[in-house]
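Visitor: 3D, please:
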Amino acid sequence: MIVDFKPDFCDITLPDDHQYSIEDYSSAKAKWCSGCGGHTILNSVQKLCREEQLPPEKTVFVSGIGCSSRFPHYMKTYGFHGLHGRAFPVASGVKFRRPDLHVFVITGDGDCCSIGAGHWVHAIRYNMKMVVLLFDNSIYGLTKKQTSPTSPLGTHSNTHPTGSVLPPINPIQATLGLPNASFVAQTVDWKPAHLDATIRKAFEHPGLAFVRIVQRCPVWMRDTYEPTVKDPDAITVLYHEDGIVLEEKDLKKFRHTLDHDPSDIIKAREKAELVKDTTPIGLFYHNPTASRYDQYGAHNLGISTEDRIEAIDKLMNRYVI
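Guide: Sure, this is the predicted structure:
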């Protein structure tokens with residue numbers, strides 16, 4: 001477990017009119033493979049931080065284990081690179097006690113949909129304000145090509161050399177089936193305008209914004225994503241004035257659009273099944289009024305820091321010999 005508790009910027013006093021640049025959010029050079037979709041996603045997130053002028057000392061990136069989970073090392077903010085599948089409880093704990101922080105969860109298809117599936121379910125139900133980015137390349141890339149929960153049926157891997165035999169999880173459909181889901185969206189890493197707009201919309205949402213990003217893996221899943229990237233008919237944009245809004249010039253780059261009101265969860269579940277014929281991208285469901293567990297956190301219980309310290313001291317004194 002790697003925990004970055006105190007970045008270098010914490011000792012720097014900046015003038016009130018300081019404008020953060022991309023460099024203020026850039027840390028170590030990303031070590032993903034050439035052509036990996038992670039590079040595009042990283043650029044998009046850093047762009048959001050700059051445009052929103054998020055103070056690095058007020059911004060936290062939490063991850064588990066996987067290629068995607070290297071992300072906190074590449075951001076010059078607070079970061080928690082934790083255990084496999086445990087990004088959600090860590091992020092929830094941070095947000096529960098520090099509601100003033102901007103919290104992002106970076107997870108992968110194995111980290112979220114396999115070992116972390118139980119935490120995924122309850123994080124959606126808690127609906128604390130945070131942005132969750134699911135990097136879904138449909139393979140265990142870090143450990144060199146094992147079948148993941150989202151691998152298409154028949155995927156050849158080291159664990160299934162003759163082809164996977166179980167149908168994959170649809171992360172969008174699964175999330176839409178969970179209680180208290182409030183923001184469910186999907187985008188792809190090779191359409192940067194749509195990726196940027198989706199992450200921005202997610203950041204603006206008052207609860208937990210779940211964004212599945214269909215991500216290229218040029219090493220282990222080239223045959224799966226190459227045809228999709230090259231085929232303009234392979235993507236359908238869900239479009240609505242309350243959804244992911246693109247500039248006209250960017251919308252024209254897509255051949256297929258489909259009107260969809262994101263307030264309709266029944267229709268959202270229907271649209272999520274389009275993946276059989278095409279990859280739907282956009283905002284499936286949005287409910288900004290859903291209950292949020294972080295609104296009932298310790299900061300709202302009227303307990304001061306002094307009271308908490310006194311209570312802890314009283315408890316510990318019971319064990320003094």
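
Visitor: Can you report phi and psi for the nearest residue to Pro55 once chain neighbours are set aside?
Guide: Distances taken as Cβ to Cβ, 6 or more residues apart in numbering place Tyr20 nearest to Pro55, at 7.7 Å, with adjacent residues excluded. C-beta here means a position set from N, CA and C on the backbone, and glycine is covered the same way. Main-chain torsions, Tyr20, degrees, to the nearest 10: phi -70, psi 140.

Visitor: Next: Ala272.
Guide: Taking degrees, to the nearest 10 as the convention, Ala272 sits at phi -60, psi -20.

Visitor: Run through the neighbouring helices and strands of the longest helix along the chain.
Guide: When the chain is parsed with DSSP state H, its longest helix is helix 38-52. Here helix 38-52 touches strand 130-136, helix 192-204, going by 3 or more Cβ pairs under 8 Å, 6 or more residues apart in numbering; DSSP states H and E.

Visitor: Who does the helix or strand following that helix pair with, and is each partner parallel or antiparallel?
Guide: Counting by DSSP states H and E, the element after helix 38-52 in chain order, helix or strand, is strand 59-63. Strand 59-63 pairs in its sheet with strand 78-81 (parallel), strand 102-108 (parallel), by DSSP bridges.

Visitor: And stretch 143-151, how far out from the chain middle?
Guide: Chain-centre distance of stretch 143-151: 19 Å, with Cα atoms, centre = their mean, to the nearest Å.

Visitor: Can you pull out the low-pLDDT segments for the stretch 201-321 of the chain?
Guide: Filtered on pLDDT under 70, the stretch 201-321 of the chain yields the residue ranges 297-303.

Visitor: Please enumerate the helices of it.
Guide: 222-230, 248-251, 265-272, 305-317 (DSSP state H, counting those that start in this stretch).

Visitor: Name the stretch among those that sits most buried.
Guide: helix 265-272 (a mean of 17; mean count of other Cβ atoms under 10 Å).

Visitor: Output that helix as PDB, nothing but the C-alphas.
Guide: This file holds the C-alpha atoms of helix 265-272, laid out as PDB (Å, rounded to 0.1, in the frame of the first residue of the first chain):
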ATOM      1  CA  ILE A 265     -34.300   5.000 -15.500                       C
ATOM      2  CA  ILE A 266     -36.400   2.400 -17.300                       C
ATOM      3  CA  LYS A 267     -35.400   3.700 -20.700                       C
ATOM      4  CA  ALA A 268     -31.800   4.000 -19.400                       C
ATOM      5  CA  ARG A 269     -31.800   0.200 -18.700                       C
ATOM      6  CA  GLU A 270     -33.100  -0.400 -22.200                       C
ATOM      7  CA  LYS A 271     -30.400   1.800 -23.800                       C
ATOM      8  CA  ALA A 272     -27.700  -0.100 -21.800                       C
END
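
Visitor: tell me which strands and helices that helix is in contact with?
Guide: helix 171-176, strand 279-286.

Visitor: check contacts around Ser291.
Guide: Counting by Cβ atoms under 8 Å, 6 or more residues apart in numbering, Ser291 touches Asn127, Asn180.

Visitor: so what's Gly141 scoring on pLDDT?
Guide: With respect to pLDDT, Gly141 scores 91.

Visitor: To what extent is it buried, counted in neighbours?
Guide: The number of residues packed near Gly141 is 26, by other Cβ atoms under 10 Å.

Visitor: Tell me the spacing between it and Trp120.
Guide: Taking Cβ to Cβ, to the nearest Å as the measure, Gly141 falls 19 Å from Trp120.

Visitor: Then Val214?
Guide: 18 Å.

Visitor: contacting residues around the closest residue to Val214 other than its chain neighbours?
Guide: Using Cβ to Cβ, 6+ apart and skipping residues adjacent in sequence, the residue nearest Val214 is Val188, 4.5 Å away. Applying Cβ under 8 Å, 6+ apart to Val188 gives the contacts His194, Leu195, Ile213, Val214, Gln215, Ile235, Thr279, Ile281.

Visitor: can you count the residues close to the second one?
Guide: When counting by other Cβ under 10 Å, one arrives at 24 neighbours for Leu195.

Visitor: ok, it touching Gln215?
Guide: No - between Leu195 and Gln215 there is no contact under Cβ atoms under 8 Å: 10.2 Å.

Visitor: where do the contact lists of the two overlap?
Guide: Going by Cβ under 8 Å, 6+ apart, residues that sit against Leu195 and also against Gln215 are Ile41, Val188, Asp189.

Visitor: Sweet, I'm off.
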